[in-house]
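Enquirer: Let me see the structure of the following:
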Amino acid sequence: MAKLGAFYALCPLIDNKYILGVTEDLEKGFVIATLGKNIASRYKISDQKQVSCWRTKEKFSSAVIYDKALGKYGAVFNKSFIKMWESEESLDKLKKYKFNTPIHTIISKNGHSFLVFQNGAVMKLAEALDQRKSLNPKGLDIKEIDDIIYGEMHEDFYFGIIVKTGGNTLYWTRYAEGHTTKFNKIQLDRDLSLIGYAFHPVKNNMNVLILWSDGSIYSYNLQDSYMETPCIGELFTVIDSLSTKHSVSILSLDENYIAMYGANYNEEGAVLVIYNTQFKVTQSKQPFKLFTNNSEIWRVEENLMVPVGQNLAVIPFHLENEQLAALVGSHKIVQDKDSEVRIVQEVDVASWDTKYKMRDRQLPEDLKNQISELITCGLPESIILEETLPEIFKTHDTASLYLCIRHFSDIPEEYLAKILKYTLDLDANYFNEKKSEFVNLPEILQPLERVKILDNIFSRPFSEVLLLPFLRQQLSIGDVSLLLNYICLLWSDDQSTLPHLNSIETESKLLHWSCILIDSNYQKIILSNDKSIRECLGVLNRLIQDHLSCLGDLKVILPMLRNIKKTSQCTDANMLSLRYSVEQLSLY
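Expert: Numbers count the residues shown, from 1 in each chain. The predicted structure is shown next:
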């Protein structure tokens, strides 16, 4: 199980666009934050106190790191030289270690420091400092490095160079036994935008995860790579908890978890997510009110750090080994069981050898084939809907839309709102001509097929928190008025029930939909002052009052019903609680 703790602010930021990085300090519980091009500070994480601060007139071009081998702090300045120091406060008069090749950055990983040059060459920091006068590192034929990713596995260090000029390209190399291997090239060719990337070790293989603008994450095994590879890997998973319209920072926590930081799926603020790569589920998330594009995520010990607004936020996290128990809700069996507790274990036996059968054979042949193909690929229903609904909307195939709603059980809230809006706006000529016999039904909701689609949408389960922003975005005040009128008609008719629901469940669903329609469009309703919607709200209020009145009557007779039930139980009991009994015996 993975869990994020409550976040808190470590320190204020000068500008979150200029923060150069956060690295580990010499002592545990301390961190080095390079807050800008002229300032870096050391902080104690537990009490958020500043321990020391360094200022410089010459600009930092990398984060300040601590090299355990040299026992010194260091950083790159102006991309041309390095300075190393111990306890000095002023950095302006320190010795400059100049290099013939421009320096891109310094990377520190688990006490090991590496120098990355502008041409992509990678060297140990201590070796580079010793050989700097004669050093002419051979690297890649590239003009500019857009980003760098790095990871560690079995004491080998992997470095990836992201180049976006002339197409997305990943160059990667491995540092092992004191030297780096030749660079391998992976051409990332898709008609989509590259959103995020990270190294992720799994067992004895290092993989690179690539996130695209359609929400799909592809995984590529670096062990199988050749010198130049055009493949983008295999589909690993699809995420829907973050918006892929903006960049997403990805960080590997261990072989079962990754952390992702980016804009929330509804683009209202930011969100930090811990994703379980073994079971392909989101296990913990932390939303934030503010998001800045191109924000990074750093790990220091068991803490994640992200820039949020004008502060550097610290989010503690905890990883456990028993991930499956948290996912399925099971627990270890307690040996000292209460004598009154009876454990009932009921399971459904699945026939795994039986081929999947589609629940509705009335789907059109082309649509059925497309859905079957997507199911074979192992995609969830939410992704299958994303693939099929746009084509249905484009062709105005209302019959297929109705069958899809009946066929799929897991319809995302975003598509519930889209289908609702589409059904209300679509011209009646695209529906079957058969009219609904519902009394007082507004003409705009005719014909019967439109009403059937609405009824099926109303009967679907949903999360109010997820659905509310989509309803606010999709529906107009006219749509809300029309839907509330229809809900009032359904509620007032005792014979009307939603598909697969009884009368009590139907009333509960209609009440739930009434609340969320009003909540999502509250401002529009207040500002419109529309007469028709005021009348509709009055009718809805009377229906609710009648409902509450019935509940009040039931509350009055409840003690009587309990009494009757109790008396019946006593009469039917095998042993009557009497102190004596009278029996008549016939002697003659």
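
Enquirer: quick one: contacts for the residue most central in space within the chain?
Expert: Geometric centre of the chain, nearest residue: Ser241, 2.3 Å, by Cα atoms, centre = their mean. Ser241 makes contact with Tyr265, Val271, Val273, Thr282, Lys285, according to Cβ atoms under 8 Å, 6 or more residues apart in numbering. In this view, the C-beta of every residue, glycine as well, is placed from N, C-alpha and C.

Enquirer: Spatially nearest residue to Glu58 (excluding sequence neighbours)?
Expert: Excluding the flanking residues, the one nearest Glu58 by Cβ to Cβ, 6 or more residues apart in numbering is Phe77, at 4.8 Å.

Enquirer: lowest average confidence, helix or strand, in this structure?
Expert: Ranking every helix and strand in the chain by mean pLDDT, DSSP states H and E puts helix 323-328 at the bottom, with a mean of 47.

Enquirer: roughly how far is the helix or strand just after it from the heart of the chain?
Expert: From helix 323-328 onward toward the C-terminus, using DSSP states H and E, the following helix or strand is helix 365-376. Relative to its parent chain, helix 365-376 has a centroid offset of 27 Å by Cα atoms, centre = their mean, to the nearest Å.

Enquirer: re the thing from before, now the buried members of the contacts of Ser241.
Expert: Among the contacts of Ser241, those that count as buried by neighbour count (16 or more other Cβ atoms under 10 Å) are Tyr265, Val271, Val273, Thr282.

Enquirer: In this protein, where is pLDDT below threshold?
Expert: 1, 224-232, 321-367, 438-440, 568-582, 588 (pLDDT under 70).

Enquirer: biggest helix in it by residues?
Expert: For the chain, the longest helix by residue count, based on DSSP state H, is helix 531-571.

Enquirer: helices or strands up against that one?
Expert: In terms of contacts (3 or more Cβ pairs under 8 Å, 6 or more residues apart in numbering; DSSP states H and E), helix 531-571 is packed against helix 477-492, helix 503-520.

Enquirer: run the last query once more with 7 Å
Expert: Counting contacts by 3 or more Cβ pairs under 7 Å, 6 or more residues apart in numbering; DSSP states H and E, helix 531-571 packs against helix 477-492.

Enquirer: Number of residues surrounding the nearest residue to Leu501 once chain neighbours are set aside?
Expert: Once flanking residues are discounted, Leu501 sits nearest to Ser459: 5.6 Å by Cβ to Cβ, 6+ apart. Using other Cβ atoms under 10 Å, Ser459 has 17 other residues around it.

Enquirer: From what I see, Ser459 and Asn502 are in contact.
Expert: No: Ser459 sits out of contact with Asn502 when judged by Cβ atoms under 7 Å, with a separation of 11.3 Å.

Enquirer: Just the terminal-to-terminal distance for stretch 120-136.
Expert: This stretch, stretch 120-136, spans 12 Å end to end (Cα to Cα, to the nearest Å).

Enquirer: Please spell out which residues along it are buried.
Expert: In stretch 120-136, counting by 16+ other Cβ under 10 Å, buried: Gly120, Ala121, Val122, Met123, Lys124, Leu125, Ala128, Leu129, Arg132, Leu135.

Enquirer: In helices only, show me these.
Expert: Of these, the ones assigned to helices by DSSP H are Leu125, Ala128, Leu129.

Enquirer: so where do the strands sit in the stretch 151-300 of the chain?
Expert: In the stretch 151-300 of the chain, strands defined by DSSP state E, counting those that start in this stretch lie at 156-163, 168-176, 179-180, 184-188, 194-202, 205-212, 216-221, 228-229, 234-238, 249-254, 257-263, 270-276, 281-288, 298-300, listed in chain order.

Enquirer: Ser586: which of those strands is closest?
Expert: Among the strands of the stretch 151-300 of the chain, the nearest to Ser586 by Cβ to Cβ is strand 281-288 (77.1 Å).

Enquirer: Just checking: what are the partner strands of that closest one?
Expert: For strand 281-288, the pairing partners within the sheet under DSSP bridges are strand 270-276 (antiparallel).

Enquirer: Kindly format the C-alpha coordinates of the partner strand as PDB.
Expert: Provided in PDB are the C-alpha atoms of strand 270-276 (Å, rounded to 0.1, in the frame of the first residue of the first chain):
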ATOM      1  CA  ALA A 270      -2.600  20.500  -9.600                       C
ATOM      2  CA  VAL A 271      -2.400  16.900  -8.200                       C
ATOM      3  CA  LEU A 272       0.300  14.600  -7.000                       C
ATOM      4  CA  VAL A 273      -0.500  10.900  -7.600                       C
ATOM      5  CA  ILE A 274       1.200   7.700  -6.500                       C
ATOM      6  CA  TYR A 275       0.500   5.000  -9.100                       C
ATOM      7  CA  ASN A 276       0.800   1.300  -8.600                       C
END
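
Enquirer: could you check the angle strand 249-254 makes with that strand?
Expert: On the basis of axes from the mean of the first three to the mean of the last three Cα atoms, to 10 degrees, strand 270-276 is oriented at 30 degrees to strand 249-254.
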